[in-house]
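Engineer: Next come a sequence and a model predicted from it.
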Amino acid sequence: MTFVKGMSCRECGRSYPVQAQQVCEWCFGPLEVVYDYEAASREMTPEQIASRPPTLWRYWPLLPAEAEGAIDLGAGYTPLVRADRLAAELGLGELWVKNDGLQPTGSFKDRVVSVALTVARDMGCKVAACASTGNLANSVAAHAALAGMSSIVFVPADVEPAKLRATAVYGGTLVAVEGDYDHVNRLCAELLGDHPDWAVVNVNLRAYYSEGSKTLAFEVAEQLGWAAPDHVVVPIASGSQLTKIHKGFGELAEVGLLAEKPSVRISGAQPKGCSPVATAFAEGSRRIKPVRPSTVAKSLAIGDPADGVYAVDVVRSTGGAIESVTDEEIVEGIRLLARTEGIFTETAGGVTVAVLAKLAAAGVVRSDERVVCYVTGTGVKTVDALGPAAGPTFTIPPSVEAFNRLVET
Amino acid sequence: MSKVTVRIPTQLRTLTAGQPEIAVEGGTVGEALAAAEAAHPGLAGRLFDEDGQLRRFVNVFVADEDVRFLDGLETQVEEGQTVSIVPAVAGG
């Protein structure tokens, strides 16, 4: 049993039953899962949630699949750590880092994949697929292996080697496409016409998939003692995660876990080399002009972001901001988080931390706010981005004399 | 006028009797899509909004290039090229 009532088009409002469907049949708009909040609320008391295992499935009443029998590698319930040393460096007060680098395959994608493939399996799909910048490929291949489903994942040929290997190891089919992510995405959308039995998690299961990101809001609120933060900073690739974090905080009020609709300011982070959403925000526009990505933050390199316009809407309506940072600032962001908090994040996390620093310096993120910075992936998959700066401090022969000579100089 | 192929997404194939591709003639993307509408009435209502612009969530490609990087509906099409209509909402 779930509390899903159906799906509705975000643009034109047409309703659809629960099925594998990419977009609204009429206007091509994105689909949103609709819940019976009143019924869900009876399964969402703080005590009930606390009694459930520490995974994202503890919030199953607000997800489109049942916890019982879910395809579950243990995704979710990652640490929310108080980041006082980083806060001091940035001149902030109460700062927290949500560390999704500690997910089973090292990124927040495990949340969305666990949800999407559970829905897909329940619908009878046998083949798990995705269009990915790397992290999603890792997660789909891993969850498919756990579920005994076959998998076929598509990535741009130039993704980080570690992400290719960390996908191939699970034994599914890995297709490297000579093009950027937007080419891969389009290829998957077109292939679906000939392969209706595929569960392409972020294409024909996208409405369910993206619901998994709401748990990033649910967990933060629970970990803060069922309270909402004042301001969150979230990376933007397609914009889906940011909009779903917003939806998640709102739903907690719907089911009575937060006393009133929280007014969480939501700010977004993009790499300068792929910043169509930041550009639209800066121009005061709702029109997202696609770009050709060129950035070290490959996991955020989506030049034609599907939810970009909704991300802009959320940020504007909540009083946040969207900023972008250069490759140099991204690497500095990675190092800043590592040396102040002991958390090694990938380039996307470097983007988020660097944008947090920029917004703090500009007074947009304030020292009187309770702030949460979403760090969505581990650094070990993108070590090359650090370049030679992250090498040995010294290289010496194995002798005491050699070491002592270093100390003397 | 060039003979071009228009690729139809699954969402619109009810309007083309299930055909994934149709052959039309036109000198620009706009003309090719108008010819597609003439052959299969109803297509235009799904692709364009009230102002005659492509809907926000409809992407059109000519020879694998997004027409938003070219001249939009004014983009020239050459003999034998393919115009693909693809839902924009995917990925991420």
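Structural biologist: On my side now, so go ahead.

Engineer: rest of the way, CA atoms for contacts and neighbours
Structural biologist: Will do.

Engineer: tell me the contacts of the closest residue to B:Gly42 other than its chain neighbours?
Structural biologist: Using C-alpha to C-alpha, 6 or more residues apart in numbering or on different chains and skipping the chain neighbours, the partner closest in space to B:Gly42 is B:Leu15 (6.9 Å). Counting by C-alpha atoms under 8 Å, 6 or more residues apart in numbering or on different chains, B:Leu15 touches B:40-43.

Engineer: Flag every residue of chain B that's near chain A.
Structural biologist: B:9-12, B:46-47, B:55, B:57-58, B:68-69, B:86-92 (C-alpha under 8 Å from any C-alpha of the partner chain).

Engineer: before we move on, back to that, show the buried residues in the contacts of B:Leu15.
Structural biologist: Those of the contacts of B:Leu15 that meet the buried threshold are B:Leu43, by 16 or more other C-alpha atoms under 10 Å in any protein chain shown.

Engineer: With secondary structure as extra columns, can I get the contacts of B:Leu15 in CSV?
Structural biologist: CSV is the format used below for the contacts of B:Leu15 (DSSP: H, G, I helix; E, B strand; the rest coil):
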residue, secondary structure
B:His40, coil
B:Pro41, coil
B:Gly42, coil
B:Leu43, helix
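
Engineer: export the contacts of B:Leu15 to a markdown table and tack on distance to B:Thr5?
Structural biologist: Output for these, formatted as a markdown table (distance: C-alpha to C-alpha, whole Å):
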| residue | distance to B:Thr5 |
| --- | --- |
| B:His40 | 14 |
| B:Pro41 | 17 |
| B:Gly42 | 18 |
| B:Leu43 | 15 |
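
Engineer: Return the closest of the contacts of B:Leu15 with respect to A:Val140.
Structural biologist: Comparing the contacts of B:Leu15 against A:Val140 with C-alpha to C-alpha picks out B:Leu43 as the nearest, at 35.2 Å.

Engineer: The nearest residue to the closest one once chain neighbours are set aside sits in which helix or strand?
Structural biologist: Sequence neighbours aside, B:Glu37 is the residue nearest to B:Leu43 in space, at 5.3 Å (criterion: C-alpha to C-alpha, 6+ apart). Per DSSP states H and E, B:Glu37 falls inside helix B:29-39.

Engineer: Next: A:Ala166.
Structural biologist: Using DSSP H and E, A:Ala166 falls in helix A:161-168.

Engineer: those strands in the stretch 201-350 of chain A, which residues are they?
Structural biologist: Secondary structure of the stretch 201-350 of chain A (DSSP state E, counting those that start in this stretch): strands at A:231-235, A:265-271, A:322-325.

Engineer: Between the ones you listed, which one is closest to A:Arg366.
Structural biologist: Counting by C-alpha to C-alpha, A:Arg366 lies closest to strand A:231-235 out of the strands of the stretch 201-350 of chain A; the figure is 8.8 Å.

Engineer: one step back: of the strands of the stretch 201-350 of chain A, flag the one that's most buried.
Structural biologist: When those are scored by mean count of other C-alpha atoms under 10 Å in any protein chain shown, the highest mean neighbour count falls to strand A:265-271 (a mean of 28).

Engineer: contacts for stretch A:201-212?
Structural biologist: With C-alpha under 8 Å, 6+ apart as the criterion, stretch A:201-212 contacts A:20-23, A:30-33, A:63-64, A:111-117, A:119-120, A:128-131, A:188-189, A:199-200, A:240-241, A:244, B:89-92.
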